[in-house]
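Enquirer: build me a structure from this.
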Amino acid sequence: MLLFPNCKINIGLRVVAKRTDGYHDIETVMYPVRGLCDALEILPDATDDISFTSSGLETGVDPERNICVRAYRAFREACPIGGVRMHLHKTIPMGAGLGGGSADAAFTIKGLAELFGVPLTAEQMIRLAAQVGSDVPFFIDGRPTLATGRGEILAPVAGSPIGHRLVIVKPDESVSTAEAYAGVAPARPESRLGDLFGLPLRQWKGRIVNDFETSVFRIHPTIAAIKEELYRAGALYASMSGSGSAVYGIFEERTPDLPAFEGMFVYQEDMI
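Expert: Residues are numbered from 1 along each chain as shown. Got it, this is the predicted structure:
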């Protein structure tokens, strides 16, 4: 079985409150990026356990701690399944706020259910995914979604920038989630993000914000400069995704001129 876990961007991200369990309540719209994917192969194995290997971008994580392995163990605890051989080829940049690891975990859950014929509903897979990580439930369905709570409470949103050109830029530097949260003061916004997302795209700038940008931009001016350059290049809206370091711009034209990002990771697709 060969799967292609795709990543996401965050359109707006508000840190609403600090929770008693150490996590934060957030409000964000998660939007799928269909063409930027990892590759995940899952094969049945007679050893009655998991054998995991990886290639492509270096994860820097011990294989036993990889989120795909954690997803397998969570799945196996909930459902009796056999062993597997799993290989992950990483293409989605890490430390970018694009959710590549969460996508890998969600596709592991979906792949295991299909491989072993376990009749889980989407709701059951979402509950299982929430045990693995906060962003993982989104990738079970993967449609544009308003996420609240830790990111595991999902609701459909009205409106979409379908047909616009999405450009994602990631510098060499990365941002840890802990570093990003350390500089944020939680506060409840006056406007609901779901309502703002329904506005025309040209009205998003200055209204739909990412709370992480203030502290991250102060520590990483290169990331701030990418956002400014995307606006100079003609983006109708630009923002850091998640806790960074990737920044995206949404354009009307199909092929924006982007010479300032030579040497950086740049990805483009039409939003669908």
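
Enquirer: burial check on residue 74, number of neighbours?
Expert: By other Cβ atoms under 10 Å, the residues close to residue 74 number 20. C-beta coordinates here come from the backbone N, C-alpha and C atoms, glycine included.

Enquirer: repeat that for residue 176.
Expert: 12.

Enquirer: against residue 270, how distant is it?
Expert: Separation of residue 176 from residue 270 (Cβ to Cβ, to the nearest Å): 31 Å.

Enquirer: do residue 100 as well
Expert: Applying Cβ to Cβ to residue 100 and residue 270 gives a distance of 21 Å.

Enquirer: can you tell me the closest non-neighbouring residue to residue 214?
Expert: Distances taken as Cβ to Cβ, 6 or more residues apart in numbering place residue 183 nearest to residue 214, at 7.1 Å, with adjacent residues excluded.

Enquirer: all strands for this structure, in order.
Expert: 2-3, 6-18, 24-37, 39-45, 50-56, 83-90, 145-149, 153-156, 165-170, 237-240, 247-251, 265-270 (DSSP state E).

Enquirer: point to the helix or strand of the chain where mean pLDDT is at its lowest.
Expert: Least confident element among the helices and strands of the chain, by mean pLDDT, DSSP states H and E: helix 177-182 (a mean of 83).

Enquirer: contacting residues for residue 139?
Expert: The neighbourhood of residue 139, defined by Cβ atoms under 8 Å, 6 or more residues apart in numbering, consists of 5-6, 8, 99, 102-103, 105-107, 129.

Enquirer: I'd like those written out as CSV, with neighbour count, distance to residue 221 and pLDDT added.
Expert: What follows is the contacts of residue 139, written out as CSV (neighbours: other Cβ atoms under 10 Å; distance: Cβ to Cβ, whole Å; pLDDT from 0 to 100):
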residue, neighbour count, distance to residue 221, pLDDT
5, 28, 32, 98
6, 20, 30, 98
8, 29, 25, 98
99, 29, 24, 96
102, 25, 28, 97
103, 29, 29, 98
105, 32, 32, 98
106, 29, 34, 98
107, 26, 35, 98
129, 26, 36, 97
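
Enquirer: return the member of those nearest to residue 79.
Expert: Lowest distance from residue 79 to the contacts of residue 139 (Cβ to Cβ) belongs to residue 129, with 13.4 Å.

Enquirer: need the contact list for the spatially closest residue to that closest one that is not a sequence neighbour.
Expert: Leaving aside its sequence neighbours, residue 129 sits nearest to residue 136 (Cβ to Cβ, 6+ apart; 4.0 Å). Residues in contact with residue 136 (Cβ under 8 Å, 6+ apart) are 71, 102, 105-106, 109, 129-130, 152.

Enquirer: ok, residue 136 to residue 130 distance?
Expert: 7 Å.

Enquirer: out of residue 100 and residue 270, which sits in the more crowded spot?
Expert: Counted by other Cβ under 10 Å, residue 100 and residue 270 do not tie: residue 100 has more neighbours, with 27 against 12.

Enquirer: need the outlier residue of this structure, farthest from its centre.
Expert: Distance from the centre of the chain peaks at residue 46, with 33.3 Å (Cα atoms, centre = their mean).
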